[in-house]
Each structure stands twice: as C-alpha cells, then as structure tokens.
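Trainee: I need the structure of the sequence given here:
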Amino acid sequence: MKEVLGNNLQPESDIENHKSVESLAQQWAKKYLQNLQVDTSVQEDSDPLNLSEIVSLGGREKTAQKIMESLRSVSAKAWNKTEALLCEELKQHRIDPNLINPWEIAADSFKIYQKALDVYTQQAAVRPLSLVMKLAEAGNPLYEQGLEVYTEQMAPNQLATVISADIGALRKKYTSLDPRVIGFVSMQFHYTSEMLTQQLEPVERSLVGAYFKVIDDHLYMPLQRAYEAAAGHNYDSTVMSAVQQLLPVSTQIAKKICQRVAELFPTYRTMSGYLLDSAVRTSSIRDVEMFQVYLWVCALEGSVAAIQQELFPLCVMLYPTLKVQWELVRQMLHLLRYEINDRLTVQQANTLMPYFQALSHMFSSEVLG
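Mentor: Numbering: from 1, shown residues only. Modelled structure (predicted):
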C-alpha cells in the first residue's frame, strides 16, 4: 500500500520506477553516442569552407528544406518498393490489406522526419572533451578541418531522447492492429531514408544519415516498450541490473556476433549482398540488437508475448523474402546465449534465460525446418 505522508513527496516506489525508466533511456542514449562512427572517407576531400558551410545553421536549414521538399515524391517511390517486396507476404500471411494505408503511413512519416530535421537544424551540443581528444589522438581529419562536423555528428544522441516516445507511440498504433503491420511501416521508413539521403551531398549524407539511423533503430526495436516495462521494477531489481549490464554493450555484442556468423558463412548471400557487405552488416547488427531488446522486454514484462506476437511473426514474414535462412538466426542465438552468460552473474542470467529458451524454441529446426 502506497502512503503519502501529508505532503507532496512522491512514494518511494514511484521514485524508484521513474529512476528505472530514466536509467534505461539514458543508457541507450549514451550507448548510441559511444558507438557512433563518423564516416570520414567521403569528408577528407571536402574543403574546410564547404564543411563549415554545411554544418552552419543556414546550411542545416537548406539541407532540411531540400529533404522536406522531396519527401512526398520519395515516399511514393519507397512505398512502391515496399509493396513490391512484401505484396506476396501480405497474401500468404493473410494480413488484412485494409490495415495498411500508405497515405496514413506517409502522413505519420512526415511528422517523424519533420521532428528529426528540427533537431538537425538546432545548434550542436557541447562536445565531450574525452571524445574530442580521442579524435585528435587518432589524427582524424575532422579534428583539423573543424570540430563542428564531429559535434554535429553527436546530435543524434539528442534525437534518440526527443523522438523515442513518438516512435514508441507509432509502433504501438500499428502493432495494436496486427503486429506484422510494423514490418511494412519499418520497410517504408527504411527505403524512404535510403532514397532521401541518396540525393544529398556526401557530407550531408553522412550527417543526416546518422539521424535517420535513429529513426530506423527505434522503429525496429521496441525501446519505448522496454522503458515502460522498466517502470514496473525497482531500480536495483535483479532483472533491471541484468538489462543495465547488457544495454551499454549490446552494440558491441551484436558486432561480435555478426562478425563470427560472417566468418562461419563466408559465401552466404542475402537479397542485399554478402554478410560482410556494408549495408548487410549494418542491418545484421541492428537485427541482433533488436533480438536483444525483445529479450529484455520479455524479461521486464515477465511474459513471452513480445516475441510470440511481434518478433516471431515479423521474422517469419520478412526473413525468407530477404533471403535470410533460419540457420543464420539459430547460429546468432547460439552465440548470444554465450555472450549473455559471459557478461552476467548466474542470478542475472536466470532472469533472462526462460525467455531466451522460448526464443530459441520458436526458431528451432523443429518449428521452422
């Protein structure tokens, strides 16, 4: 029974729950920042004046305007590509076509892109000294040409905080109708972002692409659902400590697993290319992170509903179309089990393992062949 002692003090459990939510959200933002990779390959040939102009307020506003002006036509092209990819899946999986309204999805995407570009056009945040020093020590050309570019690259950290609730609401809207519908929405956003950045200058593409990746990640991963589930736990509960231990290293884990799977299947080719190809590797890392987040959600909610109703149906719909064989998924899960056990105490691992077992059984050869 919660008790209020005749004043405005919050009950201790409410404070603990609030800390749990804040902690996970902040940890994800910090992890994003730490794992941010600045692509300097296309920037080394750019002159400092051009770089400075692009990252100036006026330059950012021009870039944002250029994107918003083309968004309508690009959205239509992206939908054509999404429909061509998934139209057969719509029939095969008996998804009600009335649940998928391209105009509504386009309207929702407009709001998300507008918010992302609003953040993009804001002044860059103060750069952390330790990261700047790391750039300088590495002899990174961006350090010499102007730290504005690097500082601007860090702003997706802000976007992750600003936009997570909006995308969480978007995911909830579509998954409540039929969890598989989010697959169409995610692919639509993915292709839209891809086409929007293709028309930009190389430096703009590198900068804006980092923002669009935040959107992509939050659509594929039920992060907001994880934050909400964390609100039901005390800050120092065993399951919270397990998630807090894994969250900062989830990208590192994903990269390690993807590298190992690529080594085990060196000649394997998906619809988009070989496993070590840049685009495939990026998507693979995101997917391994996605599996981890779904596992956390299950543990925090105390239920396998998230993987039963959402993750598994999505994978069954998308992976065969994208030429991702189940053996790759099983190998990934095998490696993920080792990573979890290696990084957690026995007590922490035990809070995740019942849900991990359920996940493994769903993707087993007995179920999927």
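Trainee: By residue count, what's the longest helix in this protein?
Mentor: helix 57-92 (DSSP state H).
Trainee: Now do the same for Ala84: its pLDDT.
Mentor: On the pLDDT scale, Ala84 is placed at 89.
Trainee: Repeat that for the one 4 residues further on.
Mentor: Glu88 carries a pLDDT score of 85 in this model.
Trainee: swap in the one 10 residues further on?
Mentor: Looking at Asn98, its pLDDT reads 89.
Trainee: number of nearby residues for it?
Mentor: The tally of other residues near Asn98 (other C-beta atoms under 10 Å) stands at 7. Placement of C-beta: from N, CA and C, glycine included.
Trainee: Also Asp217?
Mentor: 20.
Trainee: For it, pull up the helix or strand it's in.
Mentor: Per DSSP states H and E, Asp217 falls inside helix 202-220.
Trainee: and the angle for the next helix or strand along the chain from that helix with helix 202-220?
Mentor: Toward the C-terminus, helix 202-220 is succeeded by helix 223-230 as the next helix or strand (DSSP H and E). Calculated by axes from the mean of the first three to the mean of the last three C-alpha atoms, to 10 degrees, helix 223-230 forms an angle of 40 degrees with helix 202-220.
Trainee: Of all the residues in the very next helix or strand once past helix 223-230, which ones are buried?
Mentor: Counting by DSSP H and E, the next helix or strand C-terminal to helix 223-230 is helix 238-246. The neighbour-count check on helix 238-246 (16 or more other C-beta atoms under 10 Å) flags 238-244, 246 as buried.
Trainee: Give me the contacts around helix 238-246.
Mentor: Contacts with helix 238-246, where a contact means C-beta atoms under 8 Å, 6 or more residues apart in numbering, come from 20, 23-24, 27, 226, 230, 233-234, 253, 292, 296, 299-300, 340, 343-344, 347-349, 351-352.
Trainee: 7 Å - rerun?
Mentor: 20, 23-24, 27, 230, 233-234, 292, 296, 299-300, 343-344, 347-348, 351-352 (C-beta atoms under 7 Å, 6 or more residues apart in numbering).
Trainee: Now find how far off-centre it is within its chain.
Mentor: 19 Å (C-alpha atoms, centre = their mean, to the nearest Å).
Trainee: Over to stretch 361-369?
Mentor: Per C-alpha atoms, centre = their mean, the centroid offset for stretch 361-369 relative to its chain is 26 Å.
Trainee: which of the residues in it are buried?
Mentor: Those would be 362-363, 368, for stretch 361-369 by 16+ other C-beta under 10 Å.
Trainee: repeat for stretch 108-115
Mentor: For stretch 108-115, a neighbour-count test (16+ other C-beta under 10 Å) marks 108-109, 112-113, 115 as buried.
Trainee: what's the distance between that stretch and the middle of its chain?
Mentor: Put simply, stretch 108-115 sits 17 Å off its chain's centre (C-alpha atoms, centre = their mean).
Trainee: That stretch - what's its average pLDDT?
Mentor: Taken as a whole, stretch 108-115 carries a mean pLDDT of 93.
Trainee: got the domain boundaries for this structure?
Mentor: Following the TED database, the chain resolves into domains at 48-220, 222-368.
Trainee: ok, of the ones you listed, where does mean pLDDT dip lowest?
Mentor: The bottom spot among these, by mean pLDDT, belongs to domain 48-220, with a mean of 79.
Trainee: now it: how far from the chain's centre is it?
Mentor: That offset, for domain 48-220, works out to 11 Å (C-alpha atoms, centre = their mean).
Trainee: same question, stretch 295-310
Mentor: 17 Å.
Trainee: That one: end-to-end distance?
Mentor: Chord length of stretch 295-310, first to last residue, is 12 Å (C-alpha to C-alpha, to the nearest Å).
Trainee: Which positions in it come out as buried?
Mentor: Applying 16+ other C-beta under 10 Å to stretch 295-310 flags 295-301, 304, 306-307, 310 as buried.
Trainee: Which of the residues you listed fall within strands?
Mentor: Judged by DSSP state E, strands contain none of those.
Trainee: In a markdown table, list those along with distance to Leu86.
Mentor: Output for the buried residues of stretch 295-310, formatted as a markdown table (distance: C-beta to C-beta, whole Å):
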| residue | distance to Leu86 |
| --- | --- |
| Leu295 | 26 |
| Trp296 | 27 |
| Val297 | 24 |
| Cys298 | 26 |
| Ala299 | 30 |
| Leu300 | 30 |
| Glu301 | 28 |
| Val304 | 26 |
| Ala306 | 22 |
| Ile307 | 21 |
| Glu310 | 16 |
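Trainee: what comes up buried for stretch 62-76?
Mentor: Using 16+ other C-beta under 10 Å as the test for burial, stretch 62-76 gives 63-64, 66-67, 71, 74-75.
Trainee: so what's Ala279 up against?
Mentor: By C-beta under 7 Å, 6+ apart, the residues touching Ala279 are 272-273.
Trainee: what about it, helix or strand, and which?
Mentor: helix 278-301.
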